[in-house]
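Chemist: Sequence below, structure please.
(chains A, B, C and D)
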Number of protein chains: 2
Amino acid sequence: MEKKPKEILKIIQSGEHLFIPHISVDSVIFGYETNELQVLLLEVSDKVWMLPGGYVLKEEDLDTAAHRNVIERIGLENIFLKQFHTFGQSDRSFKNEIAQLFSHLSLPETEGLWIQERFISVAYYALVNKALAHPKPNFFTQRCQWHSVQQLPKLLLDHERIITAALAAFQSDLAAYPLAYHLLPKKFTMPELHGAFQTIHQKQLDRSRFQKKMFEYDVFERLEPRGGVAHRRPYLYRHRES
Amino acid sequence: MEKKPKEILKIIQSGEHLFIPHISVDSVIFGYETNELQVLLLEVSDKVWMLPGGYVLKEEDLDTAAHRNVIERIGLENIFLKQFHTFGQSDRSFKNEIAQLFSHLSLPETEGLWIQERFISVAYYALVNKALAHPKPNFFTQRCQWHSVQQLPKLLLDHERIITAALAAFQSDLAAYPLAYHLLPKKFTMPELHGAFQTIHQKQLDRSRFQKKMFEYDVFERLEPRGGVAHRRPYLYRHRES
DNA sequence: TATCATTGTGACAATTTGACACAAAGTAAA
DNA sequence: TTTACTTTGTGTCAAATTGTCACAATGATA
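Modeler: Take a look at the predicted model:
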């Protein structure tokens, strides 16, 4: 929120020539810490939050646009990112939000600014190692923070529904491939991975069975045990392709 | 192909004011007949085919647009329709195809016609009872016909990839819910449903096991047996919600 | 009345999953 | 130094699910 109002107006207006109109990409960026699944949100106005997102450059692939937007938000490359649904209700627009912002910034009233139009949003979910992420807000927002998916704040438009759908997609994908490792540091222990799975699915999973299942995927490599604990030292593992 | 060239030009031009630019919906409409899974395709030019699709009206929900387009193509309401992916490679445009069509119709050369721009396409798959469908071509196309998914003709753009993805989505969804009944008449026998499943998954499934599984869903109602066969008469079933 | 092809379902083996037990391993307290 | 304590890794066995196959039921046709 350091930018001057006129500058913001200029940026908004120039976007019209850069981006494909009516299309946005929104990302549900998942992070994990001590048995809590979190999503990264931006604060648009007092106590109202929104998903990070952006627009697609005229000559840019959709997936690339989503990547670019996530990278801008957390300063991290090589994140896991997957498209899961496109939201296209006809009432999806920031008409009022932008008008409010403009009046708040004492900018002239606008009608039909491209950014106020109806948007069809292609939604992605991302899995990141929270410890390496450096969240930063964009022009429109004051803060960029992690929130527990268990207690989300008030959200703009249909963004709560998007998060719910993202979680469902993630849970479903997790049944086919142990993606949860993306949320953890490069090296992690089985109890840690186990905890992440339990948190994501919100239910208990038998440890013995879980460990056997993970071995069956044949993608985790056992490394040295990690010490410094007052009990049996857990082995560290890493995913073969990362 | 009964329309006059000038009329077509007019229709194309007027679309610019009606539809959201750069966004299309494409539908993979699945049909089924005697152990063959088929998709409905439109012939754009000699031996080159495309998926049925269309555009989204400025004030129309995305799902509604998809429905409208499918209904226009087969004259059937109440079809099962589900969004499965959005395709957004930056090179997705009918630039050349439209230019060819125009030259073929002796229309003036055009550049930057809205329909020639890059399109992001939200793809849906539909399941229909082929026996009730009445496929009809649109202005641009000469024919609208069913094709076996096993031997697809030459297709425009990434439409073959879209069909592949649709089939994968359908197969995956079929593991969670016995959607295959949408492809059959209202009343059907277990062997028929069994055949549809086998065709869709392209593999053998044990009959006994299959039937038990279907009963577990608790959505099929057993009706009277169907006669007229030189052996034990199979029971008819129907889905409770249709 | 016997034959034939197809359908509906039961029996049992093979496999997968769930629940739980217990030894291994290390620190910290006695 | 020994014992207690906690967490980890894995084995065992029962329960549930899935796969295979067999066989009786059924009705037209020979």
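Chemist: can you give me the helices in chain A?
Modeler: Along chain A, counting by DSSP state H, helices occupy A:5-18, A:62-74, A:95-104, A:159-174, A:190-201, A:207-217.
Chemist: Of the ones you listed, which stretch is the most buried?
Modeler: Highest mean neighbour count of the helices of chain A: helix A:62-74, a mean of 20 (counted as mean count of other CB atoms under 10 Å in any protein chain shown). (Each C-beta comes from the backbone N, C-alpha and C, glycine too.)
Chemist: Show the contacting residues for the residue nearest to the spatial centre of chain A.
Modeler: Nearest to the mean C-alpha position of chain A, by CA atoms, centre = their mean, lies residue A:29 at 1.3 Å. Contact analysis of residue A:29 by CB atoms under 8 Å, 6 or more residues apart in numbering or on different chains lists A:39, A:40, A:52, A:70, A:73, A:74, A:79, A:125, A:126, A:128.
Chemist: between those residues, which is closest to DNA strand D?
Modeler: residue A:128 (23.3 Å; CB to the nearest atom of the strand).
Chemist: need the contact list for that closest one.
Modeler: So residue A:128 contacts A:29, A:30, A:31, A:74, A:76, A:79, A:80, A:182, A:183 (CB under 8 Å, 6+ apart).
Chemist: which non-adjacent residue is nearest residue A:109?
Modeler: The shortest distance from residue A:109 to any residue other than its chain neighbours is 6.7 Å, reached at residue A:102 (CB to CB, 6 or more residues apart in numbering or on different chains).
Chemist: so how far is residue A:112 from that neighbour?
Modeler: To residue A:112, residue A:102 is 13 Å away according to CB to CB, to the nearest Å.
Chemist: For the closest residue to residue A:223 other than its chain neighbours, grab the count of nearby residues.
Modeler: Counting by CB to CB, 6+ apart, residue A:236 is the residue found nearest to residue A:223 once chain neighbours are left out, at 4.4 Å. Residue A:236: 18 surrounding residues under other CB atoms under 10 Å in any protein chain shown.
Chemist: can I assume residue A:236 is in contact with residue A:221?
Modeler: No. Counting by CB atoms under 8 Å, residue A:236 does not reach residue A:221; the two are 9.5 Å apart.
Chemist: where's the residue nearest to residue A:223 relative to residue B:229, distance?
Modeler: Taken as CB to CB, the span from residue A:236 to residue B:229 is 65 Å.
Chemist: Tell me if I'm right that residue A:157 and residue A:92 touch.
Modeler: Yes. If you go by CB under 8 Å, residue A:157 and residue A:92 touch, sitting 5.9 Å apart.
Chemist: How about residues contacting stretch A:225-242?
Modeler: A:181-182, A:186-191, A:193, A:219-224.
Chemist: Going through those residues, which ones are buried?
Modeler: A:181, A:182, A:188, A:189, A:190, A:193, A:219, A:220 (16 or more other CB atoms under 10 Å in any protein chain shown).
Chemist: what would those residues look like in JSON lines with distance to DNA strand C and pLDDT?
Modeler: JSON lines is the format used below for the buried ones among the contacts of stretch A:225-242 (distance: CB to the nearest atom of the strand, whole Å; pLDDT from 0 to 100):
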{"residue": "A:181", "distance to DNA strand C": "20", "pLDDT": "98"}
{"residue": "A:182", "distance to DNA strand C": "23", "pLDDT": "98"}
{"residue": "A:188", "distance to DNA strand C": "18", "pLDDT": "97"}
{"residue": "A:189", "distance to DNA strand C": "13", "pLDDT": "97"}
{"residue": "A:190", "distance to DNA strand C": "13", "pLDDT": "98"}
{"residue": "A:193", "distance to DNA strand C": "16", "pLDDT": "98"}
{"residue": "A:219", "distance to DNA strand C": "17", "pLDDT": "97"}
{"residue": "A:220", "distance to DNA strand C": "17", "pLDDT": "97"}
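Chemist: Please flag which of those residues sit within strands.
Modeler: If you go by DSSP state E, the buried ones among the contacts of stretch A:225-242 have A:188, A:189, A:220 in strands.
Chemist: who's in contact with the last one?
Modeler: Put plainly, it is residue A:220. A:178, A:181, A:214, A:237, A:238, A:239, A:240.
Chemist: need the contact list for the second one.
Modeler: Counting by CB under 8 Å, 6+ apart, residue A:181 makes contact with A:188, A:193, A:196, A:220, A:239, A:242.
Chemist: swap in the first one?
Modeler: If a contact means CB under 8 Å, 6+ apart, then residue A:178 has A:193, A:197, A:214, A:217, A:219, A:220 as its contacts.
Chemist: The same query, at a cut-off of 10 Å, please.
Modeler: A:193, A:196, A:197, A:210, A:213, A:214, A:216, A:217, A:219, A:220, A:239 (CB atoms under 10 Å, 6 or more residues apart in numbering or on different chains).
Chemist: And it, how far from residue A:38?
Modeler: Distance from residue A:178 to residue A:38, by CB to CB: 19 Å.
Chemist: Break chain A down into its domains, please.
Modeler: Domain assignment for chain A by automatic domain parsing gives A:5-174, A:179-239.
Chemist: So which residues on chain A come close to DNA strand D?
Modeler: A:189-191, A:207-208, A:211, A:225, A:229-235 (CB under 7 Å from any atom of the strand).
Chemist: How about the residues of chain A by DNA strand C?
Modeler: By CB under 7 Å from any atom of the strand, the part of chain A that sits against DNA strand C consists of A:206-209, A:213, A:225, A:227-233.
Chemist: repeat that with 6 Å
Modeler: Chain A comes close to DNA strand C at residues A:206, A:208, A:209, A:225, A:230, A:231, A:232, A:233, as judged by CB under 6 Å from any atom of the strand.
Chemist: before we move on, the earlier item: which residues are in contact with both of residue A:157 and residue A:92?
Modeler: Joint contacts of residue A:157 and residue A:92 (CB under 10 Å, 6+ apart) are A:119, A:121.
Chemist: If we ignore the residues flanking it in sequence, what's nearest residue A:210?
Modeler: Nearest non-adjacent residue to residue A:210 (CB to CB, 6+ apart): residue A:194, at 5.2 Å.
Chemist: I figured that neighbour hits residue A:211, correct?
Modeler: Yes. Using CB atoms under 10 Å, residue A:194 is in contact with residue A:211, at 7.5 Å.
Chemist: Tell me if stretch A:35-52 is near chain B.
Modeler: No. Stretch A:35-52 does not reach chain B (CB under 10 Å from any CB of the partner chain); its nearest approach is 16.7 Å.
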